[in-house]
Each structure stands twice: as C-alpha cells, then as structure tokens.
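1. got a sequence here, can you model it:
(one chain, ligands or ions: 1)
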Amino acid sequence: MDTNWLQGFFDREYLRLWAGSLTAERTQKEADGIWNLLKLRPSSRVLDAPCGYGRLSLALAERGAIVVGVDLASDMIAEAERNRRGIENLRYLEHDLRTELPEDGFDAAFNVFTSLGYGTEEDDVKVLRTLAAAVRPGGKVLVESNHRDLLMAYLSRGNKPSDRLPDGTLIIEEPNFDSVKGVMNTAWYWSGPSGSGKKTATLRVYTITELVRMMDKVGLRLISAHAGLSTEPFEIGKRCALVAEKLVME
Ligand SMILES: C[S@@+](CC[C@H](N)C(=O)[O-])C[C@H]1O[C@@H](n2cnc3c(N)ncnc32)[C@H](O)[C@@H]1O
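-> Sure, this is the predicted structure:
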C-alpha cells in the first residue's frame, strides 16, 4: 500500500470535491443503517475504521454511542477534529489500520463506503484482522462496499460517471477495469469556478464471495448480507453490507 499516495489523494481537494456532494441526509440515513445492522444502543463502544472526515462517527456519537474513529490520512483526521463539536463520547486517532490498535473490547466495528482495496489483498486482510482484534468475542463487524458484480454491470452499460457540485464544478470519472488483476484504474477530471484538476486511483474491487472469505480468514463469521446500509436482504444490483460476528475462542 502506498501510504504517500493515500495521504495525497485524501487531502483538502478530496474534501472539497467528494465531501461536497455527500449530503447530511445521506449521512444520517447511512448512520441509521449502521445503527440497525449492528444493533447499537446508547453507550455501545463502536470503532469507525477508517472514518475519513468523521461524518459517520459524529452521527453515531450524537446518538449516544461511544465512538473511536481511525484513519491514516492527516487531512481527514484534522477535518474530523474540526467538526467534533466538543462531543465527549467521540475520539479520533491517526493510525494505519494494517497494524493493531492500542485499544480493544469494542462492541462493534465498521468499514464502510468502499474503504478496502487501496493496496494488496494482504493489506486488506490485515485491515480486517485489526477490526477483528479490536472487537470483543461475540462483537460485530460490518463491511459495506461496492463489489465486482455491481461494477461489471455498471461498466458494461458504458456509463461515464459524472457529478456537478453546488458551485457548478463538473467532475467526470474515466474508469478502466483490469480483470486479470481485479483492480480498477480510474481517473477523475474536474473543472469549475475554483479551478480544474485530475486525480487518479487504483482500487482493488472484490466479489462478495471474496470479501466473505477474507473476513472468515480473520475469525469473522458471516451472519447476514444486506442491500447497502439497510436491513433489507442483499439484492443483485445493489451495494453490499456484510455483518459478521467475532468467533468466541473455546
Ligand atoms: C472513501 S473514504 C471513506 C471514509 C469513511 N468510511 C466514510 O464513509 O466517509 C476511505 C478512507 O480510507 C482511509 N484508509 C484507507 N486505507 C487505510 C488504512 N490502511 N488505514 C487507515 N485508513 C485507511 C483513507 O485515508 C480514506 O479516508
């Protein structure tokens, strides 16, 4: 995993371009989904890993969960801290999730909004192992992501994703999937009143079967699969949320 690339990609420009198109309503709806899927209660101890700029950590802490948000990108953690609103049951930590966290015993942990795939498959197994180690035996881990079946259906329609920000900036994505490596090489181009630019990324995209196998490898036994961050059962053509339980060692 190229951590310099990650720090450079998830920067102030990313916040302007991507955070700008994520509405507060969408974040609250996703927080509802996480709350219900993980059966959280006020005072549940929850790990948001990675947390990005903390949009979901904040929404869950405002509902009374005791939340720790972890991310390795300094700009993301700085933005999360700026938005913390002095909430006491919310903390952030700048940390590479491929290595063990300094605390454990969480009731639940989640990795959502396509937060795996930035390095090798081994890197992703390490991240999942960190989440598994951080929850108590019997605790829940949620992984929500885009996945290969969904991406293939999308790309086969020849779509070129585009988005227009409230200030008029137009963002166009040009994705190219490498079926042998299982990675998507993608480029975003934008232009608007605050200037123009380009960002590129290489993102590993797994099938749901592969994700379940990777979770299993680190002692996370699948309980259920859902249509995105909702309690609805998984459906073809939707993002996928996998809820697993940490095995209790005999
Ligand atoms: C698409 S963002 C999603 C963030 C957040 N889950 C959300 O829903 O807003 C992916 C995040 O993963 C973080 N990330 C990727 N690999 C990581 C790693 N090994 N350790 C910590 N953070 C990582 C990036 O810095 C970035 O903030």
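2. drop to CA atoms for contacts and neighbour counts, all remaining ones
-> Noted.
3. could you pull out the strands for this protein?
-> With strands called from DSSP state E, the chain shows them at 45-48, 66-71, 90-94, 106-111, 135-145, 162-164, 170-178, 183-192, 195-204, 220-227, 240-246.
4. nearest to the ligand, of these?
-> strand 66-71 (3.8 Å; CA to the nearest ligand atom).
5. hmm, the closest one in reach of the ligand?
-> Yes - interface with the ligand: strand 66-71 contributes residue 71 (CA under 6 Å from any ligand atom).
6. and that strand, what does it pack against?
-> For strand 66-71, the packing partners by 3 or more CA pairs under 8 Å, 6 or more residues apart in numbering; DSSP states H and E come out as strand 45-48, helix 55-62, strand 90-94.
7. average pLDDT for the shortest one?
-> Within the predicted structure, the mean pLDDT of strand 45-48 is 98.
8. over to the second one?
-> In this model, helix 55-62 has an average pLDDT of 97.
9. picking that back up, comparing the strands of the chain by mean pLDDT, which bottoms out?
-> strand 162-164 (a mean of 89).
10. next, the buried residues of that strand.
-> Within strand 162-164, the residues scored as buried using 16 or more other CA atoms under 10 Å are residue 164.
11. so what touches that strand?
-> 170-173 (CA atoms under 8 Å, 6 or more residues apart in numbering).
12. repeat for stretch 169-184
-> 160-165, 185-194, 201-206.
13. and that stretch, how far from the chain's centre?
-> The chain centroid and the centroid of stretch 169-184 are separated by 18 Å under CA atoms, centre = their mean, to the nearest Å.
14. equivalent analysis for stretch 185-197, please.
-> On CA atoms, centre = their mean, the centre of stretch 185-197 falls 23 Å from that of its chain.
15. and this structure, which residues reach the ligand?
-> 6, 10, 50-52, 55, 71-73, 76, 95-98, 111-115, 118.
16. and if we set it to 5 Å?
-> Applying CA under 5 Å from any ligand atom, we find that the chain lies next to the ligand at 50-52, 71-73, 96-97, 112-113, 115.
17. count of residues packed around residue 147?
-> Per other CA atoms under 10 Å, the neighbour tally for residue 147 reads 21.
18. so what's it up against?
-> 205-208, 239-240.
19. nearest to residue 126, of those?
-> Residue 126 lies nearest to residue 206 out of the contacts of residue 147, by CA to CA, at 15.5 Å.
20. these two touch, right, that closest one and residue 145?
-> No - Residue 206 is beyond contact range of residue 145, at 9.1 Å (criterion: CA atoms under 8 Å).
21. out of the two, which sits in the more crowded spot?
-> For residue 206 and residue 145, the more surrounded residue by other CA under 10 Å is residue 145, and the numbers stand at 23 against 20.
22. who does the more buried one bridge with?
-> residue 240 (DSSP bridges).
23. mind checking how far it is from residue 229?
-> Between residue 145 and residue 229 the distance is 9 Å, computed by CA to CA, to the nearest Å.
24. which neighbours do those two share?
-> Counting by CA under 8 Å, 6+ apart, the residues touching both residue 145 and residue 229 are 240-241.
25. quick one on the thing from earlier: buried subset of the contacts of strand 162-164?
-> Buried members of the contacts of strand 162-164, scored by 16+ other CA under 10 Å, are 170-173.
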